[in-house]
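> I'd like to go over a predicted model; first the sequence, then the structure.
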Amino acid sequence: MKTILLATDFSERSDRAFRRASLLARQVGATLVVVHVVDDDQPRRILDSEREAAAGLLEDLRATVRRVDGLDCETRLVLADPFAGIAQAAAESAADLLVIGPHRRQALRDVFVGTTAERTIRSVTTPVLMVNAPPVAPYAHVMLTTDLSDGAAAAARAATRLGIAGDARRSILHVVDAPVGHLVLGGNVAPEGRAAYRDDARSEAARELAAFVEATGLGTLRQSPRLSDAAPADAILEAAREEAADLVVVGTHGRSGLAKLFLGSVAEAVLRKADRDVLAVPPSAARAG
């Protein structure tokens, strides 16, 4: 990984992303590029004022990063719609990774669709790291997720190539929809019969996951097949909490049992609900390399 792009709006959320991006840049020896987008759909007087203020803040940030962190840092100021400007900067800087802060959560409901974060992830061809947790150290446990599809295999390889894991523990999670078994068995099957079904399903999931890891060439990592009655995204985040994973990796499309893993479904739900960092790998990034 040569270039990390950080999108900032100078908020506290963006500061969290900045600290993680700095840690990663130091870890892998990458150049840090910081972009701020000024919305160009506003009166000229306000536009000029915001552009001038942002330019000053970016220069102060660049100088601080070089002086205090000792990192190679560049800045970009773009006049555009926020998500389009970030996508433009990602393309122009040939970024290997885009780092953003968490999306805004509202008191009564959790809004993700239509936000700058969601639209950015849809628009870029670069893996996107959404930083939800305060960064205090390099990642300790990186959890890959898979639905055993070719797309999931490519996403896992792409995430591995970035080198984000460093010396972290690595695991891979495969969630199997347990309710399918209950539908097949019905309500008249004895508890021991249901237990036997679940044992068989868990064993089959373990075999399939082991074959996937070997075929994908992911190397040595802990394999976690899991049966769950919960929605796939909830099962992923529950596993991440139980296993103390501080980074969860998801592909932004694929398949997951009976559900499609398109952004707008499982990947979107993980990004919306996560209380820890999430790396979203789009198909174009997964195919690269």
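Ah, there it is. All of these numbers come straight from a predicted model, not from anything done at the bench. Numbers count the residues shown, from 1 in each chain.

> wait, doesn't residue 176 sit right on residue 201?
Yes - counting by Cβ atoms under 8 Å, residue 176 does reach residue 201; the two are 6.2 Å apart. Backbone N, C-alpha and C define where each C-beta goes, glycine included.

> now for those two: what residues contact both?
residue 227 (Cβ atoms under 8 Å, 6 or more residues apart in numbering).

> neighbour count winner among those two?
Taking neighbours as other Cβ atoms under 10 Å, residue 176 and residue 201 compare with residue 176 leading, 24 against 17.

> and the helix or strand harbouring the more buried one, what other elements does it pack with?
Element membership for residue 176 (DSSP states H and E) is strand 169-177. Based on contacts counted as 3 or more Cβ pairs under 8 Å, 6 or more residues apart in numbering; DSSP states H and E, the elements that strand 169-177 packs against are strand 141-146, helix 191-216, strand 222-228, helix 232-242.

> what's that strand in contact with?
Counting by Cβ under 8 Å, 6+ apart, 140-148, 156, 201-202, 205, 208-209, 212-213, 218, 221-228, 232, 235-236, 239-240, 243, 245, 256-259 sit against strand 169-177.

> narrow these to those that are buried.
Taking 16 or more other Cβ atoms under 10 Å as the criterion, what is buried in the contacts of strand 169-177 is 141-148, 156, 201, 205, 209, 212-213, 218, 221, 223-228, 232, 235-236, 239-240, 245, 256-257.

> out of the helices and strands packed on strand 169-177, which is closest to residue 270?
Taking Cβ to Cβ, helix 232-242 is the member of those nearest to residue 270, at 4.7 Å.

> quick one: average pLDDT of the closest one?
Helix 232-242 shows a mean pLDDT of 94 in the predicted model.

> quick one, that helix and strand 222-228 angle?
On the basis of axes from the mean of the first three to the mean of the last three Cα atoms, to 10 degrees, helix 232-242 is oriented at 130 degrees to strand 222-228.

> show me what helix 232-242 is packed against.
Helix 232-242 packs on strand 141-146, strand 169-177, strand 222-228, strand 247-251, helix 266-273, going by 3+ Cβ pairs under 8 Å, 6+ apart.

> check the offset of it from the chain's centre.
14 Å (Cα atoms, centre = their mean, to the nearest Å).

> can I get the CA coordinates of that helix in CSV?
What follows is helix 232-242, C-alpha atoms only, in CSV (Å, rounded to 0.1, in the frame of the first residue of the first chain):
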residue,chain,number,x,y,z
PRO,A,232,-26.3,-12.0,8.8
ALA,A,233,-25.1,-8.5,9.7
ASP,A,234,-26.1,-8.9,13.3
ALA,A,235,-24.4,-12.3,13.5
ILE,A,236,-21.2,-10.8,12.1
LEU,A,237,-21.1,-8.0,14.6
GLU,A,238,-22.0,-10.4,17.5
ALA,A,239,-19.1,-12.6,16.5
ALA,A,240,-16.8,-9.6,16.3
ARG,A,241,-17.7,-8.5,19.8
GLU,A,242,-17.4,-12.0,21.2
